[in-house]
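Undergrad: generate a structure from the sequence data that follows.
(one chain, ligands or ions: 2)
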Amino acid sequence: MRKSESPQQYWVAAGFAGLVAAASLFSVAQLLSVFFAVPAAPLNSMGSAFIDLTPVWLKDFVISIFGTNDKLVLKLSMALVVVIAAFLIGMLAQRSFTAAAGSVAVLGIGVAAAILSRTGASAGDLTPLVIGIITGLLVLKWLSTVARSVFATHESTFDTARTTTTRRQFVLFSSLTIVGSLLATGLSRYLSAARDLSIAARESLRLPAPKLKASPIPRNAQIEIAGMPQFLTPNTDFYRIDTALTVPQIDPARWSLKVHGMVEHEVTLSFAQLLEQELVESYLTLTCVSNPVGGDLVGNAKWLGYPLRLLLEQAVPLPGADMVLSTSSDGFTASTPLEVLTDHRMALLAVGMNGQPLPFEHGFPVRMVVPGLYGYVSATKWVVDLEVTRFADKVAYWSTRGWSEHGPIKLASRVDVPRNNATVAANNLALGGTAWAQTRGIAAVELSLDDGPWVKTELGDEVSVDTWRQWRYLWESAPAGQHSVKVRAIDTHGEIQSGDIASPAPNGASGWHQIHFTVR
Ligand SMILES: Nc1nc2c(c(=O)[nH]1)N[C@H]1C(S)=C(S)[C@@H](COP(=O)(O)O)O[C@H]1N2
Ligand SMILES: [Mo]
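TA: Ligands and ions are numbered 1, 2, ... in the order given. Here you go, the predicted model:
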């Protein structure tokens, strides 16, 4: 009888199967993550989440010992933890594959939490991890079965020939998996190189100071009631709407904008040239045409950019032109009336948002923002081309899909506090919300309590006619029980917000926002 492989060798092979499976899991996830947002890469997100969770004393300790090698130490410790876990799970798979798969699932939930804890992560960014886990488990299942038959079952069968074949299978399959993992890792490196460059470029970018600085926001622009939205929407909370499956990651060094079509002079602008222009700061509330009555597809930011009016002055539009078709790097187009881009309003070619370079999701390195028009006809992100043309000649992305060619923002208002169906205390009952009428400004906001007569609210300070305005109403001696509140705005031209109910398509929702609440 041929002496069978030792039990040690058996357990090493079992652990090795776990390692190979882990390699396939992470390389597949890493490769697929290239097509998702940055947090989708599991190892990176695990590392970042780990850094966030590390207590300060430990961070200081590691930095005091390893100095700037602290990141390397982190990576090596993480690798060690992954290797040990994979080895143990490989061994566990010999006892019970179900238990091994269960442990992978539990660890997977931890990694998923790390991914979701990153800013800008969405549930979809878990896809690479999930597919990676499935791949890893299939590899583990296969390899551990083969490992068992090599090292265990032949002892009873005395079938040396079969053992040799299965051992070959084990070696062959694990080598193939390792080679595949290395290829996948190499490919993901290659595919993400351009993106990593853009990320580094954005991080090192220092925006120039504006020629025209926005005045500070008066304190009373913000109504201080718990639950009110912030007057300036933080970039990470800003609503995001676009057709991009993967967010374009443009290296500003390779960005340029061409202004052409019905113009006297074509203009091409590099990012460096754009930053040399006299940039201005401006507060502006963006709104999506898909925003339902009372919805939250609206956000307010301080933008830094170059007035499109000045850019178009350089190009000199020809008579007869009435539209600018803006195109994004991913092919999205918007049609904006030429007049809107050349009149007094602050339509910008924006590079900054709330003091930061634009986030990738919001159009880095350059986007348009135009007061008074819904985003789909004006706010092109990742903009690379402006064609001066005519509505009669060109049709934009959404205009061929059932939405109006023109999209002025409708006068709108919203109740933010209390939330619909909330229960609130009677004393010091404060209601609050927002209203917007970009380019005209809000003159008044009125409420109808329990469908009673319209009453005036107090307005927060106006920052600009192009931004939303907050309101509040103190309801003294509100009786206990069920109540409703309905809101409408009046703009500075005297227009009263329409109560006619319209759904978002084709040119924006209308109707009065009404909510119901209970007073205790
Ligand atoms: N390139 C590109 N730009 C785009 C879009 C898009 O799909 N692609 N969507 C537009 C729409 S419909 C809106 S409402 C705004 C939203 O901008 P935000 O995501 O920065 O809030 O971007 C506009 N710009
Ligand atoms: Mo939109």
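Undergrad: excluding residues flanking it in the chain, which one is nearest whichever residue of the stretch 351-500 of the chain sits closest to ligand 1?
TA: Of the stretch 351-500 of the chain, the residue with the smallest distance to ligand 1, taken as C-beta to the nearest ligand atom, is Gly375 at 2.4 Å. C-betas here are computed from N, CA, C, even on glycine. Nearest residue to Gly375, sequence neighbours excluded (C-beta to C-beta, 6 or more residues apart in numbering): Cys288, at 5.2 Å.
Undergrad: correct me, but that neighbour touches Leu373?
TA: No: the criterion here is C-beta atoms under 8 Å, and Cys288 misses it with Leu373 at 11.2 Å.
Undergrad: neighbour-wise, which of those two wins?
TA: Neighbour totals were compared for Cys288 and Leu373, and Leu373 leads with 27 against 22 (other C-beta atoms under 10 Å).
Undergrad: who does that one bridge with?
TA: The residues paired with Leu373 through beta bridges, assigned by DSSP bridges, are Pro408.
Undergrad: ok now do it, which residues does it touch?
TA: Under the criterion of C-beta atoms under 8 Å, 6 or more residues apart in numbering, the contact list for Leu373 reads Thr336, Val340, Ala379, Gly407, Pro408, Ile409.
Undergrad: from the residues you listed, which are also near ligand 1?
TA: Near ligand 1, judged by C-beta under 6 Å from any ligand atom, the entries from these are Ala379.
Undergrad: that older thread, residues contacting the residue nearest to Gly375?
TA: Cys288 makes contact with Tyr239, Ile241, Leu297, Val298, Tyr374, Gly375, Tyr376 under the criterion C-beta under 8 Å, 6+ apart.
Undergrad: how much space separates the nearest residue to the second one once chain neighbours are set aside from ligand 1?
TA: In this case it means Ile241. Closest residue in space to Ile241, ignoring its immediate chain neighbours: Cys288 at 5.0 Å, by C-beta to C-beta, 6+ apart. Cys288 sits 3 Å away from ligand 1 when distances are taken as C-beta to the nearest ligand atom, to the nearest Å.
Undergrad: likewise Leu279?
TA: Following C-beta to the nearest ligand atom, the distance that separates Leu279 from ligand 1 is 19 Å.
Undergrad: which parts of stretch 352-366 are buried?
TA: Of the residues in stretch 352-366, those buried under the neighbour-count criterion (16 or more other C-beta atoms under 10 Å) are 352-354, 357-366.
Undergrad: residues of the stretch 201-350 of the chain that sit close to ligand 1?
TA: Looking at ligand 1, the residues of the stretch 201-350 of the chain close enough under C-beta under 6 Å from any ligand atom are Phe238, Tyr239, Arg240, Ile241, Asp242, Thr243, Ala244, Leu286, Cys288, Ser328, Asp330, Phe332.
Undergrad: restrict these to those near ligand 2?
TA: The overlap between those and the neighbourhood of ligand 2 (criterion: C-beta under 5 Å from the ion) consists of Ile241, Cys288.
Undergrad: list buried residues within the residues of the stretch 201-350 of the chain next to ligand 1.
TA: The neighbour-count test (16+ other C-beta under 10 Å) marks Phe238, Tyr239, Asp242, Ala244, Leu286, Cys288, Ser328, Asp330, Phe332 as buried among those.
Undergrad: give me the subset of those residues lying in strands.
TA: Leu286, Ser328 (DSSP state E).
Undergrad: ramachandran coordinates for the spatially most central residue of the chain?
TA: The residue at the geometric middle of the chain, judged as the C-alpha nearest the mean C-alpha position with C-alpha atoms, centre = their mean, is Gly120 (4.2 Å). Here is the backbone geometry of Gly120 (degrees, to the nearest 10): phi 80, psi 0.
Undergrad: what's the answer for Gln356, then?
TA: As for Gln356, its main-chain torsions (degrees, to the nearest 10) stand at phi -120, psi 160.
Undergrad: check contacts around the nearest residue to it once chain neighbours are set aside.
TA: Taking C-beta to C-beta, 6+ apart, and ignoring the residues beside it in sequence, Gln356 has Asn235 as its nearest neighbour in space, at 6.1 Å. Under the criterion of C-beta under 8 Å, 6+ apart, the contact partners of Asn235 comprise Ala301, Met353, Asn354, Gln356, Pro359, His362.
Undergrad: in the stretch 1-150 of the chain, what residue comes closest to ligand 2?
TA: Distances between the stretch 1-150 of the chain and ligand 2 by C-beta to the ion are smallest at Ser122, namely 17.7 Å.
Undergrad: tell me how many other residues crowd that residue.
TA: 13.
Undergrad: that one and Ile115 touch, don't they?
TA: No: proximity of Ser122 to Ile115 does not meet the contact threshold set by C-beta under 8 Å, at 9.7 Å.
Undergrad: circling back to that earlier point, ok, the residue nearest to the centre of the chain - contacts?
TA: Contact partners of Gly120, counting by C-beta under 8 Å, 6+ apart, are Ala37, Val38, Pro39, Thr236, Pro359, Glu361.
Undergrad: give me that answer again for 6 Å
TA: If you count contacts by C-beta atoms under 6 Å, 6 or more residues apart in numbering, Gly120 has them with Ala37.
Undergrad: quick one: pLDDT of the residue lying closest to Gly124 once chain neighbours are set aside?
TA: The shortest distance from Gly124 to any residue that is not its chain neighbour, by C-beta to C-beta, 6+ apart, is 6.7 Å, and that residue is Phe36. We have a pLDDT of 89 for Phe36.
Undergrad: can you check Val56 too?
TA: According to the model's per-residue confidence, Val56 sits at a pLDDT of 79.
Undergrad: rewinding a little: backbone dihedrals for the residue nearest to Gly375, please?
TA: Dihedral angles for Cys288 - degrees, to the nearest 10 - are phi -100, psi 140.
Undergrad: quickly list the domain ranges of the protein.
TA: With automatic domain parsing as the criterion, the domains of the chain are listed as 7-195, 219-401, 412-519.
Undergrad: distance from the last one to the middle of the chain?
TA: So that's domain 412-519. Distance of domain 412-519 from its chain centroid, counting by C-alpha atoms, centre = their mean, to the nearest Å, is 29 Å.
Undergrad: which SSE is immediately downstream of the helix-or-strand element of the chain with minimal mean pLDDT?
TA: The element with the least model confidence among the helices and strands of the chain, by mean pLDDT, DSSP states H and E, is helix 154-157, at a mean of 51. Proceeding N to C from helix 154-157, the next assigned helix or strand is helix 160-204, under DSSP states H and E.
Undergrad: what helices and strands are in contact with that next one?
TA: If contacts are counted by 3 or more C-beta pairs under 6 Å, 6 or more residues apart in numbering; DSSP states H and E, helix 160-204 sits against helix 7-33, helix 127-148.
Undergrad: ok, and for the shortest one, which residues are buried?
TA: The neighbour-count check on helix 127-148 (16+ other C-beta under 10 Å) flags 128-129, 132-133, 135-137, 139-148 as buried.
Undergrad: before we move on, what about the first one?
TA: For helix 7-33, the buried set under the neighbour-count rule, 16+ other C-beta under 10 Å, comprises 10-33.
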